[in-house]
Every structure is written in C-alpha cells, then in structure tokens.
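Undergrad: got a structure for you, letters missing:
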C-alpha cells in the first residue's frame, strides 16, 4: 500500500517538486492548509522557501503551530522539515528580526557569518557533499558522503546541536541534516538532489511504514 | 562543485533543436521520452533549463503546463524563462516547477524588472541570460533570440554586473547547435564586476567539450541543448569523464534513481 504523506501548505514556496518526488517513490501525497488533516496522518512534511519570520507568521495564522507540536507528540508519527522547513523546527532564527520557531529542535538558526575576503558567497547555492555521522538510517555512514542541493543564507551551527546526522561545509561546517526522535530536518532539498535525495526520501517513507 | 546543465527549448507546442538560433521542431514531451529516453538524461544532470522560444504569440499557460509535466520526473534544480516580462510571469514559472527564472531581454531593456524579481524572490533566483554574436567589430550582445543587437558584449556584461542576479548564462550564438565546442574566448569579455557564477553554453557536441569547458577556472557550469549527442547514458559518461579530468562534479546514480520509482509503495505493501 502506498504510504500517505501530508504536506503542510502554509503559503511559502511551491510544493510541486516535493510532491513530485514523493509521488515518484510511490507515496500518496496530500497537500493541505488545514491543520486538522494532520490528525489522521502518520507522515508529514514541512517544506518551505522564503523568510523564517513570514513563514512563522503563516503557520500561526493557519493554526499549524500547535497542530505540528501535537503531531510529533505521538512517537509513531514522523515529521520531516525541508530547507526553511528544517529551520522552522528550531527554537529561533535571527532572519529579519529574532523570531521564535516551532521549538521541536532546541537550537537557534543564524546567518552565515560575513566573509571579509568575499570569497564565501551567501546565499550558499548548489550541490555540496554531506558527510554522514551518528549512523542514521536515513543517511547511513556506510554510504559515505553524498551530494545534495542547497539554497540558503541561514544555517544551524553543529556545535551544541544534538542529533546532527549530516554535516556540510561552507567556510565552516553547518548542519545539513538533523534527527531527534521522530523529527528530522534537512537543510538541503532532497527533492532536488537526484539519486541522493530520492534514496533519502525512500528511506524516510519506508522507515515509517 | 561544477555543473553540467541540460537545456530544453520549447515553443509553439513542441520541443526544438537549435542551430545558430534557428529552430527545428522535434516533438512533444511524449516524443522526447520515447525517442530520447529523456528521464535518463534528466537523472544525470545538475540542473535543467527550460526556455520558451515560441516565435508566435506566447501562451504562458501552455508553457507552465509543459514545465510541470517536464519537471515531474526531474529531481534537480530547474531554471525556466522565455518571455518573462513581469513578476507575475516569473511567479507562474516558480509555481510550475521552476526554482529560478531566466531573463534575457529584460536585462537590456527593463533592468527595473530584474531588480523587482530579485526583491520578490532573491537574487539567487534570477539567471541573466546573455546571447553573444561575434562580429568584425568584436562580440556583441543580442536579445529576442538573436533578433536585435544591444551593443558590445562587454558593455552589456558590465550592465549585468550592476544587476542583482544570481548567475550568468552566456551563450555563443555562432556555436549554438554546431557541436564545434564552447567559445571560451567569450569569457575574456566578462568584466570583474560580474561576480556571480558563469554558465557557458553553445557548441557542446562531445563529452570532451564538457570537461574542457569545466576545466577553465572562469567557468562554473556548462549547458548543452544537444539532444542528439547525449541520448541515453551520454551525459552519465560525460560526468565520469569530467571527474577523470579533475573537475569536481556531484555524483549521481541514474540507475538507482530509476530503480527507486515506486520503491516506497512496494516496500510498504510488502
């Protein structure tokens, strides 16, 4: 039977490519802007492109904040945040102005530091190698580094972040993927990362089956 | 990492091959899949560019529908453009599977639009496309699919350098579709003010052209629209040759991507 995935639609960025990737893998995808739909779901994805502050505003306005917190309270359910979606899982971000996040991961999101030489470009855009650690089933260490697609100006510092399962480098290391219990987040876009991303999403879907 | 990009030219209901910007109609999306096994090509690229090159009246709805369809089984970043004249035009493409918007004529004639796009979606979302033609007086920039000259290439690129764009897609019209190799000499016209990544296009016929291009430190990515020369596993082989020649490109496994079709449903049902 096809795994069913609710994709949270809160008006930030397009859900098309996430949807296409999940459907390609055989999942049944339900995009929704109704938080009640999370109630009957076991798998949910929080996608997102854009500003953290605007995104949190929309999540509050559409009453997704408590719904997502309730959702992950049940350990048999699994939530995956992608790109901005991963950042929203965190405690806060300094984007635009300090803003509180969903707080499902107790770490702050901050901007890449300025590089006085100008060589380090922000936003960080393109494919980059992600080095697995901690032996996650989603990003197995045995497979070695894999290349994933990133577009972001803000990131989570791996120092003091529990559950870092993948690191990438842009000047310094940053958190490419984090996993704490049933909550996972990828700073990269698995739906835009060819076989590397499809493999990860397939594992996330079947792990949860 | 360096990138290998594939470009699809769509217009008036069909995909096209192009030679020196003259178009030859080849077929629709089904035809592309049947004859070129396009999904396989799509699993071996760093990025897909889809351009609306319609000569008659453009149908933005038709192009958006084609974009959705073409990108349904492409799991790489997508840039789309052709006929983008407003922020709404760009938004339509971004809602139809594109991650970035390609602008060409606007860079010469409506720089305000480029600024508006960068404000709305971020400069990393805007790709400036510049088409270059060599003349006796030196290379010039042309717009409207080669229809109109807008001045010396260098002067036009200086203008690009002052615009908020994330990338420059530089195409040699003289080499387009010829398979004679990239025109690396055009890079001499790129001023220091252009600090964004440069994609060089026009003339790729063989995988050797791809790695020659990527070996040049001024080149961040190369793009080809040459369907005929890279049917099947042509681009996969080009990727591994590029790596053998010392350029760093992402590693993808096209066979694995194919095997994963329906994998989650199959496992969950077992």
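TA: Yep, that arrived. These numbers were taken from a predicted model, which means no experiment stands behind them. Numbering: from 1, shown residues only, chains lettered A, B, ... in the order given.
Undergrad: ok, which residues in chain A are in contact with chain B?
TA: Applying C-beta under 8 Å from any C-beta of the partner chain, we find that chain A lies next to chain B at A:1-3, A:14, A:16-17, A:20-22, A:24-27, A:123, A:125-128, A:146-147, A:149, A:151, A:189, A:191-199, A:201-202, A:205-206, A:209. Backbone N, C-alpha and C define where each C-beta goes, glycine included.
Undergrad: skipping its backbone neighbours, what lies nearest whichever residue of chain A sits closest to chain B in space?
TA: Chain A approaches chain B most closely through residue A:26 (2.7 Å), counting by C-beta to the nearest C-beta. What sits nearest to residue A:26 in space, not counting adjacent residues and going by C-beta to C-beta, 6 or more residues apart in numbering or on different chains, is residue B:265, at 2.7 Å.
Undergrad: so where do the helices sit in the stretch 151-270 of chain B?
TA: All helices of the stretch 151-270 of chain B, identified by DSSP state H, counting those that start in this stretch, fall at B:153-161, B:207-215, B:234-244, B:254-259, B:263-269.
Undergrad: list the contacts for residue A:22?
TA: A:5, A:7, A:29, A:45, A:191, A:201, A:205, B:264 (C-beta atoms under 8 Å, 6 or more residues apart in numbering or on different chains).
Undergrad: and for the first one, the neighbour number?
TA: Residue A:5 is surrounded by 27 other residues when neighbours are defined as other C-beta atoms under 10 Å in any protein chain shown.
Undergrad: hang on, the earlier thing: with distance to residue A:67 and mean neighbour count as added columns, please give the helices of the stretch 151-270 of chain B in TSV.
TA: Written out in TSV, the entries for the helices of the stretch 151-270 of chain B read as follows (distance: least, C-beta to C-beta, whole Å; neighbours: other C-beta atoms under 10 Å in any protein chain shown):
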stretch	distance to residue A:67	mean neighbour count
helix B:153-161	45	20
helix B:207-215	47	21
helix B:234-244	43	19
helix B:254-259	34	17
helix B:263-269	24	19
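Undergrad: with respect to residue A:109, which of these lies nearest?
TA: Closest approach to residue A:109 among these (C-beta to C-beta): helix B:263-269, 29.5 Å.
Undergrad: hang on, residue B:58 in a helix?
TA: No: assigned with DSSP: H, G, I helix; E, B strand; the rest coil, residue B:58 falls outside any helix and is coil.
Undergrad: may I see the buried residues of stretch B:35-54?
TA: Residues of stretch B:35-54 classed as buried by neighbour count (16 or more other C-beta atoms under 10 Å in any protein chain shown): B:36, B:38-54.
Undergrad: circling back to that earlier point, need the least confident one among the helices of the stretch 151-270 of chain B, by mean pLDDT.
TA: Among the helices of the stretch 151-270 of chain B, helix B:263-269 carries the lowest mean pLDDT, a mean of 77.
Undergrad: which stretches of the chain form strands?
TA: I'll assume chain A. Here chain A has its strands, by DSSP state E, at A:4-8, A:28-32, A:43-46, A:78-82, A:90-93, A:99-100, A:105-111, A:124-132, A:146-152, A:154-155, A:164-170, A:172-180, A:183-186.
Undergrad: wrong one, I was asking about chain B
TA: Under DSSP E, chain B gives strands at B:3-11, B:14-19, B:22-27, B:47-52, B:78-81, B:100-103, B:126-133, B:140-143, B:148-152, B:167-172, B:198-201, B:221-224.
Undergrad: how about the residue in chain B positioned nearest to chain A, what does it touch?
TA: Going by C-beta to the nearest C-beta, chain A is nearest to residue B:265 of chain B, at 2.7 Å. In this structure, residue B:265 makes contact with A:1, A:2, A:3, A:25, A:26, A:27, judged by C-beta under 8 Å, 6+ apart.
Undergrad: can you select the buried ones from these in PyMOL?
TA: In PyMOL, this line selects whichever of the contacts of residue B:265 come out buried by 16+ other C-beta under 10 Å:
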select buried, chain A and resi 2+3+25+26+27
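Undergrad: identify the farthest-apart pair in the contacts of residue B:265.
TA: Farthest pair in those, by C-beta to C-beta: A:1 and A:25, 13.6 Å.
Undergrad: residue contacts, the closest residue to residue B:82 other than its chain neighbours?
TA: Once flanking residues are discounted, residue B:82 sits nearest to residue B:52: 3.1 Å by C-beta to C-beta, 6+ apart. By C-beta under 8 Å, 6+ apart, residue B:52 lies in contact with B:10, B:11, B:58, B:63, B:80, B:81, B:82, B:83.
Undergrad: okay, who's weakest in those by pLDDT?
TA: Among those, residue B:58 has the weakest pLDDT, 89.
Undergrad: list the contacts of it.
TA: B:52, B:82, B:83.
Undergrad: please redo it, this time with the cut-off set to 10 Å
TA: Neighbour list for residue B:58: B:11, B:12, B:52, B:82, B:83, B:85, B:89 [criterion: C-beta atoms under 10 Å, 6 or more residues apart in numbering or on different chains].
Undergrad: now do the same contact list for residue 12.
TA: Looking at chain A here, since you left the chain open. Going by C-beta under 10 Å, 6+ apart, the list of residues near residue A:12 reads A:46-52, A:54-59, A:84-85, A:88.
Undergrad: wrong one, I was asking about chain B
TA: B:23, B:25, B:52, B:53, B:54, B:55, B:56, B:57, B:58, B:59, B:62.
Undergrad: dump the residue contacts of residue 178.
TA: This is for chain A. A:81, A:86, A:89-90, A:105, A:107, A:134, A:136, A:156, A:158, A:161-166, A:184-187.
Undergrad: I was thinking of chain B, sorry if that wasn't clear
TA: By C-beta under 10 Å, 6+ apart, residue B:178 lies in contact with B:19, B:20, B:172, B:202, B:203, B:204, B:205, B:226.
Undergrad: show me which of the residues you listed are buried.
TA: B:172, B:202, B:203, B:204, B:205, B:226.
Undergrad: not counting its neighbours along the chain, what's nearest residue B:256?
TA: residue A:195 (4.5 Å).
Undergrad: and the one you found, how many residues sit next to it?
TA: 23.
Undergrad: quick one: distance of stretch B:116-129 to the chain centre.
TA: 16 Å (C-alpha atoms, centre = their mean, to the nearest Å).
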